[in-house]
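Enquirer: could you look at this predicted model? Sequence included:
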Amino acid sequence: MASRTASKDIIALRGSAAIVSEFFGYAANSILYNRAVYPGESFAKVKKYGLTMPLTQDEWVNFITSATSKNSGKLQGIVMVIMSKATSEVIERWNFNIDTYPEVVEKGSIKEKSDKKIMREIRAIKRQIDSCITDLPCLDEPCVFDMLAYTDTDVDAPDTWIESDTKLIHNTQMVKLHSFDTKVHKVDTVVSYKKNEDDTSSSSSSVIREARIELLEAELGRFVMLANESAEEMYTRLKKIIKKIRSYGSKKWTDHEVVKIMLRAYFLRNSVLCFMIRDSPNYEKMTPEVVLGRFIRHEMMENEGLLEAELGRFVMLADESAEEMYTRLKKIINKLRSYGSKRWTDHEVVKIMLRAYFLRNSVLCFLIRQSPNYEKMTPEVVLSKFIDHETLLEEAKYVDIMSKSVTASKNQDIALKANKKQKGKCVFEESTSEDNEDSSSLDEEKIALIKSFKKIMKSRNYKSNKKNDKE
């Protein structure tokens, strides 16, 4: 690692080599991403050098970059070669030439340069790599890449490295990019690509590119926000079109132009917000991401208002249990809280529950409100009281039905006895034993019913609950 002091930024040989090797890794990933050698979805976005950098998890790319970093102290240069997958013809050469200051190696001297300056120079190279992509010929066929390392003769090369030719491009055209300097190493960057053999093919390629740009611009002219589409989904669609246009070299579609399209598309959703953004003092400098953030905040506030209105109309549905009612209510509350609303505390939820349950059992709702600890009751505690009430109500209904059934059976038996008495004494005496059996059967049913009810009351722990309610 680079050596540092409190007052000076001093970089030694080893620290400079680490900075250079790290730069190679990120530069290689940026080139592979921008030239679409690997699909875009295989790259993750990370923050480095104050910029958003693409980084792939591909094992081959990571192996090559790590292998070069291990020998970065003895590298004279690295060349990334992009070739046709079908023919192995070299299409581009990205040459990173490394010059080491001799006095650092020979005398071990150290020089001062701040990290900020080095990072600024690296950022300039990264931006140049991104911008010069539009000037390079389109890669219209699948491509692969290879890495060439120019090293000192005494380097301990990995076993997987083999000698290679220089993979030069005939009829080449070169673009020199910025360089960066650590005061130990200086890195120059040059990209070479194959020049078109005749102007006709170049002109044809240009015509095709312009035609594609026109089609995409026509699509932007018709761009609208779809029904039931969120601001984020709309921006994702727009961003894909803009990215395609920029890949063909169009420099017309700046961030400000993108913002204009976003406002036009969102105008029917919220014209007032769009006017406010346009009247903002820093409107000209607003990025699409800032405008998107304003749209998302508006949607969150709008959704929050709709949900609060839904809570204002919240009632208990017919044939709905207390538990089902609470499940519906909880979904609305969770959505509101996800938008950052702090208004809907547990006590506010309890109020809505009591209001909704009032028509089902007004007495129970009054008792809960009169409870000493009402202010501290959670929705779950109130729900448990509702469930207890519903359970007891069901038990009472069951007992009532059973009682009516027994009474009806007894009345039917008495009527039968009266009919038999009218037919004569002999018949009456004959049926006496049967009457006793029926009477005994009715008594047994009553006893069984009472025992069942006692078991139910005991299982519900009715007495202890009653004491708790009094407390």
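Expert: Structure received.
Enquirer: quick check: which ranges of this structure have low pLDDT?
Expert: Within the chain, the stretches with pLDDT under 70 are 1-14, 59-75, 104-111, 134, 152-160, 195-206, 404-471.
Enquirer: how is it partitioned into domains?
Expert: If you go by automatic domain parsing, the domain ranges for the chain are 10-195, 201-304, 389-470.
Enquirer: what are the buried residues along the helix or strand harbouring residue 309?
Expert: Element membership for residue 309 (DSSP states H and E) is helix 288-312. Judged by neighbour count (16 or more other CB atoms under 10 Å), helix 288-312 contains these buried residues: 288, 291-292, 294-295, 298-299, 304, 307. Every residue, glycine included, has its C-beta placed from N, CA and C.
Enquirer: got a list of contacts for that helix?
Expert: With contact meaning CB atoms under 8 Å, 6 or more residues apart in numbering, helix 288-312 is reached by 230-232, 235, 239, 255, 258-259, 262-263, 266, 270, 273, 277, 329, 332-333, 335-336, 339-341, 344, 352.
Enquirer: try 7 Å
Expert: The contact list for helix 288-312 (CB atoms under 7 Å, 6 or more residues apart in numbering) reads 230-232, 235, 255, 258-259, 262, 266, 270, 273, 277, 332, 335-336, 339, 341, 352.
Enquirer: among these, which are located in helices?
Expert: Taking DSSP state H as the definition of helices, the contacts of helix 288-312 contribute 231-232, 235, 255, 258-259, 262, 266, 273, 277, 332, 335-336, 352.
Enquirer: make CSV out of these and add neighbour count and distance to residue 396.
Expert: Listed next are the ones in helices among the contacts of helix 288-312 as CSV, based on neighbours: other CB atoms under 10 Å; distance: CB to CB, whole Å:
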residue, neighbour count, distance to residue 396
231, 22, 54
232, 11, 54
235, 22, 59
255, 14, 70
258, 20, 68
259, 22, 67
262, 24, 63
266, 23, 58
273, 17, 57
277, 20, 63
332, 18, 32
335, 15, 37
336, 18, 37
352, 20, 28
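Enquirer: what's the closest of those residues to residue 173?
Expert: Residue 173 has its nearest neighbour among these in residue 255, at 30.3 Å by CB to CB.
Enquirer: so that closest one touches residue 283, yeah?
Expert: No - using CB atoms under 7 Å, residue 255 is not in contact with residue 283, being 11.7 Å away.
Enquirer: residue 191: what secondary structure?
Expert: Following DSSP: H, G, I helix; E, B strand; the rest coil, the label given to residue 191 is strand.
Enquirer: how many residues are close by it?
Expert: Using other CB atoms under 10 Å, residue 191 is surrounded by 22 other residues.
Enquirer: that one and residue 94 touch, don't they?
Expert: Yes - counting by CB under 7 Å, residue 94 is a contact partner of residue 191 at 5.2 Å.
Enquirer: gap between the residue most central in space within the chain and residue 293?
Expert: Nearest residue to the geometric centre of the chain (CA atoms, centre = their mean): residue 232, 11.6 Å. Note on residue 232: its distance to residue 293, by CB to CB, to the nearest Å, is 10 Å.
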